[in-house]
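*Asks:* Below are the sequence and a predicted model; questions follow.
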Amino acid sequence: MSPLAHRRFLKMNGLGNEIVVLDLRGGDVRVQPDEARAIAADPASRFDQMMVLHDPVTPGTDAYVRIYNTDGSEAGACGNGTRCVAWAMLDDPVMARPAEADRLTLETRAGLLDVTRVSHLDFTVDMGAPRLAWDEIPLAEPFPDTRRIELQIGPIDDPVLHSPGAVSMGNPHAVFFVDRDPDAYDLARIGPLLESHPIFPDRANISLAQVIDRSHIRLRVWERGAGLTRACGTAACAALVAASRLRLTGREATVTLPGGDLRIAWGADDHVRMTGPTELEHEGTFAPSLFAAAPVEGATTAPAGAA
């Protein structure tokens with residue numbers, strides 16, 4: 001039987017970005033890709049990202065968070081999910097543990113994320129500094145200027161999309177600026193083609209960004225490993241950074257996604273901060289039958305200290 005059977009979870013969302021929060025602190029269980037895919041396939045626990053809490057690794061942090069996409073792959077960062085984790089760790093009667101004021105420091109594969117509560121359901125996440133060098137994003141070949149890279153889709157003399165900005169916010173993003181509503185493009189068809197383009201060795205999140213004015217961006221996102229989503233926090237951060245580098249906006253903007261608005265600020269300290277809401281939908285437990293098809297070896301435990 002999978003060690004995840006009968007485990008309690010929270011189903012949450014950040015602007016409609018579907019999030020599952022699972023607390024595995026106090027043990028050495030680690031979610032396997034088959035288990036993540038099984039959880040995502042169940043309507044009761046459907047997620048765009050699953051945020052799995054583990055015991056802290058770095059002294060002074062509150063938890064280590066592993067982030068799983070729908071396809072079972074792992075992501076380095078998820079801004080909307082991080083806000084949901086903060087709410088769970090501060091307010092959920094089972095997951096909450098004493099914390100200093102309304103601040104948390106969480107660690108992910110991409111680094112440390114400081115989270116601050118600004119109201120009962122709203123949080124600001126310090127997503128850190130964007131990575132802009134071609135080999136940090138990463139791209140498969142050198143580009144001295146990642147504000148616009150050579151990539152297009154459609155006829156060479158009349159491309160549908162072209163010259164995206166490339167940014168990493170803990171995971172790679174390509175931001176295509178468009179002059180009409182992003183909904184006018186068939187992102188469900190275009191997204192998978194660009195996500196797996198050879199220029200992105202780790203695949204990429206694909207965004208269509210329409211600059212409304214210097215403080216407002218409309219955004220639609222195809223998420224790596226998850227597909228179309230109503231909101232993506234790291235994509236909103238990447239869009240603001242890419243727009244600001246091209247002087248299309250200032251260093252602060254409201255980013256409007258299908259699920260709602262995020263406030264993004266790229267500070268003088270080079271850190272990008274994202275402010276937005278959370279919502280608890282329901283709690284549940286994983287039925288043992290959910291993992292019946294998962295290989296027995298898929299339910300192994302992680303080596304001590306592995307995170």
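*Replies:* Thanks, I have it.
*Asks:* Please name the nearest non-neighbouring residue to residue 160.
*Replies:* What sits nearest to residue 160 in space, not counting adjacent residues and going by C-beta to C-beta, 6 or more residues apart in numbering, is residue 154, at 3.6 Å. No exception for glycine: its C-beta is placed from N, CA and C like everyone else's.
*Asks:* what's that neighbour sitting at in phi/psi?
*Replies:* Dihedral pair for residue 154: phi 110, psi -180, per degrees, to the nearest 10.
*Asks:* same deal with residue 156?
*Replies:* Dihedral angles of residue 156 (phi, psi; degrees, to the nearest 10) stand at phi -60, psi -30.
*Asks:* Near it, how many residues? Count them for me, please.
*Replies:* Neighbour count of residue 156, defined by other C-beta atoms under 10 Å: 7.
*Asks:* need the contact list for it.
*Replies:* Residues near residue 156 by C-beta atoms under 8 Å, 6 or more residues apart in numbering: none.
*Asks:* Quick check: the gap between it and residue 162.
*Replies:* As judged by C-beta to C-beta, to the nearest Å, residue 156 and residue 162 stand 9 Å apart.
*Asks:* still on that earlier bit, what pLDDT does the residue nearest to residue 160 get?
*Replies:* Per-residue pLDDT puts residue 154 at 88.
*Asks:* quick check: domain ranges of the chain?
*Replies:* Domain ranges of the chain: 7-128+279-291, 134-270, per the TED database.
*Asks:* Throw these into JSON lines and include distance to residue 1, thanks.
*Replies:* Formatted as JSON lines, those follow (distance: least, C-beta to C-beta, whole Å):
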{"stretch": "domain 7-128+279-291", "distance to residue 1": "6"}
{"stretch": "domain 134-270", "distance to residue 1": "27"}
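*Asks:* Quick check: the gap between the closest residue to residue 197 other than its chain neighbours and residue 17.
*Replies:* Take residue 197 and drop its neighbours on the chain: the residue closest to it by C-beta to C-beta, 6+ apart is residue 151, 6.8 Å away. Distance, residue 151 to residue 17, by C-beta to C-beta: 25 Å.
*Asks:* Please look at residue 263 and residue 256 and confirm they touch.
*Replies:* No - with contacts counted by C-beta atoms under 8 Å, residue 263 stays clear of residue 256, the gap being 10.7 Å.
*Asks:* Just after the helix or strand harbouring residue 274, pick out the following helix or strand.
*Replies:* Assigned by DSSP states H and E, residue 274 belongs to strand 272-277. Beyond strand 272-277 on the C-terminal side, the first helix or strand identified by DSSP H and E is strand 279-285.
*Asks:* Can you get me the centre-to-centre distance for that following strand and its chain?
*Replies:* Centroid separation between strand 279-285 and its chain, computed with C-alpha atoms, centre = their mean, to the nearest Å, is 19 Å.
*Asks:* which helices and strands does that strand pack with?
*Replies:* Other helices and strands packing on strand 279-285, by 3 or more C-beta pairs under 8 Å, 6 or more residues apart in numbering; DSSP states H and E, are strand 8-14.
*Asks:* For the stretch 101-250 of the chain, which segments count as helices?
*Replies:* Remark: helices assigned in the stretch 101-250 of the chain by DSSP state H, counting those that start in this stretch are 187-195, 233-245.
*Asks:* what inclination does the last one have with respect to strand 272-277?
*Replies:* Spelled out, it's helix 233-245. Relative orientation of helix 233-245 versus strand 272-277 (axes from the mean of the first three to the mean of the last three C-alpha atoms, to 10 degrees): 130 degrees.
*Asks:* tell me the angle of whichever helix or strand comes after helix 233-245 relative to strand 272-277?
*Replies:* As assigned by DSSP H and E, the chain's next helix or strand after helix 233-245 is strand 252-257. Put simply, strand 252-257 runs at 50 degrees to strand 272-277, going by the same axes, to 10 degrees.
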